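[1] The following comprises the amino acid sequence and a computationally predicted model.
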Amino acid sequence: MPAILITGCSSGFGLAIARRFLDRGWRVIATMRRPDPDLLPAAPGLTILPLDVTDPQSIATAVAQAGEIDVLVNNAGFGAAVPIELIEPDTARALFETNLLGTLAMVQAVLPQFRARRAGTIVNITSSVTLKPLPLVSVYRASKAAVNALSESLAAEVAPFGVRVRIVLPGRAPETRFGANAMPHLRGLDHPDYKPMLDAMIAGFRESGGPVTQMEDVAEAVWRAATDPDAPLRIPAGADAVQWMAEAG
């Protein structure tokens with residue numbers, strides 16, 4: 001059976017992707033920093049491994065334990081919604097360390113086996129916030145836009161080896177823990193100028209009305225990226241992401 005390795009499977013998109021591929025008969029290597037065997041139903045094709053994409057030794061160990069895979073999904077990442085003026089340098093570094101350099105490290109770890117076999121697919125999950133400028137997510141947006149750029153060049157580099165690269169761009173997903181995970185990095189609620197913006201952003205995280213992205217939208221977009229050779233380089237996931245991509249042209 002084909003095999004897929006997914007990073008960041010402890011919740012949200014990663015967990016939904018793992019479930020989708022298990023349901024469709026794939027061997028799934030679900031990775032997360034702190035493995036929880038109760039997150040996914042026990043199945044003959046399921047392996048849960050510890051993996052921190054910012055730790056080279058953790059990456060090497062997980063990839064070795066995973067064995068031969070057909071698809072790599074770089075999903076691990078986090079967000080921070082902070083005014084540029086107030087973002088902590090350590091937070092900015094961590095965003096790029098996880099979202100961009102973690103993706104790069106995983107690609108470097110897996111690409112040799114894909115290139116040797118002249119087959120394989122890399123799916124990088126970024127964000128629809130890269131499609132238009134938005135306040136308060138500048139550094140997060142920059143880290144994900146960097147992954148888009150990396151993916152575009154990577155696709156050209158590895159196409160001669162029979163390796164495909166796809167980018168999945170989810171929209172706003174109230175079901176995920178994105179907002180909750182971003183809250184510890186929040187700065188400016190006590191700032192007279194930035195507080196109104198931040199209050200509106202927090203309310204937006206909790207708002208479920210209007211076009212949004214469901215976790216299953218992302219799982220299905222990744223399925224398409226992994227199984228359809230004719231899928232486009234960029235695949236929006238979610239009604240809002242589809243709308244934003246159409247507006248961006």
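    Perfect, I can see it now. Numbering: from 1, shown residues only.
[2] Please make it C-alpha for all contacts and neighbour counts, starting now.
    Will do.
[3] Output the longest helix belonging to this structure.
    Looking across the chain with DSSP state H, the single longest helix is helix 138-158.
[4] Who are the packing partners of it?
    helix 89-95, strand 163-170 (3 or more Cα pairs under 8 Å, 6 or more residues apart in numbering; DSSP states H and E).
[5] and of these, who's closest to residue 231?
    Of all the helices and strands packed on helix 138-158, strand 163-170 sits nearest to residue 231, with 8.0 Å by Cα to Cα.
[6] tell me the mean pLDDT over the closest one?
    Regarding strand 163-170, the rounded mean pLDDT is 98.
[7] List the strands paired with that strand, with their directions.
    Paired neighbours of strand 163-170 in the sheet (DSSP bridges): strand 120-125 (parallel), strand 234-237 (parallel).
[8] Kindly state the pLDDT recorded for the residue lying farthest from the centre of the chain?
    No residue in the chain sits farther from the centre than residue 192, which is 33.7 Å out by Cα atoms, centre = their mean. Looking at residue 192, its pLDDT stands at 86.
[9] now swap in the one 10 residues further on and tell me
    Listed pLDDT for residue 202 reads 77.
[10] any idea which of the helices and strands packed on helix 138-158 is most buried?
    For the helices and strands packed on helix 138-158, average neighbour numbers computed from mean count of other Cα atoms under 10 Å are highest in strand 163-170, which has a mean of 25.
[11] what angle do that strand and helix 138-158 make?
    160 degrees (axes from the mean of the first three to the mean of the last three Cα atoms, to 10 degrees).
[12] gap between strand 163-170 and the chain center?
    Put simply, strand 163-170 sits 10 Å off its chain's centre (Cα atoms, centre = their mean, to the nearest Å).
[13] Please save the CA atoms from that strand in PDB.
    Extracted as PDB, the C-alpha positions of strand 163-170 are listed here (Å, rounded to 0.1, in the frame of the first residue of the first chain):
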ATOM      1  CA  VAL A 163       9.000  14.200  -8.100                       C
ATOM      2  CA  ARG A 164       5.900  16.400  -7.800                       C
ATOM      3  CA  VAL A 165       5.400  19.400  -5.500                       C
ATOM      4  CA  ARG A 166       2.100  20.900  -4.500                       C
ATOM      5  CA  ILE A 167       1.000  23.700  -2.300                       C
ATOM      6  CA  VAL A 168      -2.300  23.600  -0.300                       C
ATOM      7  CA  LEU A 169      -3.600  26.900   0.900                       C
ATOM      8  CA  PRO A 170      -6.300  26.700   3.600                       C
END
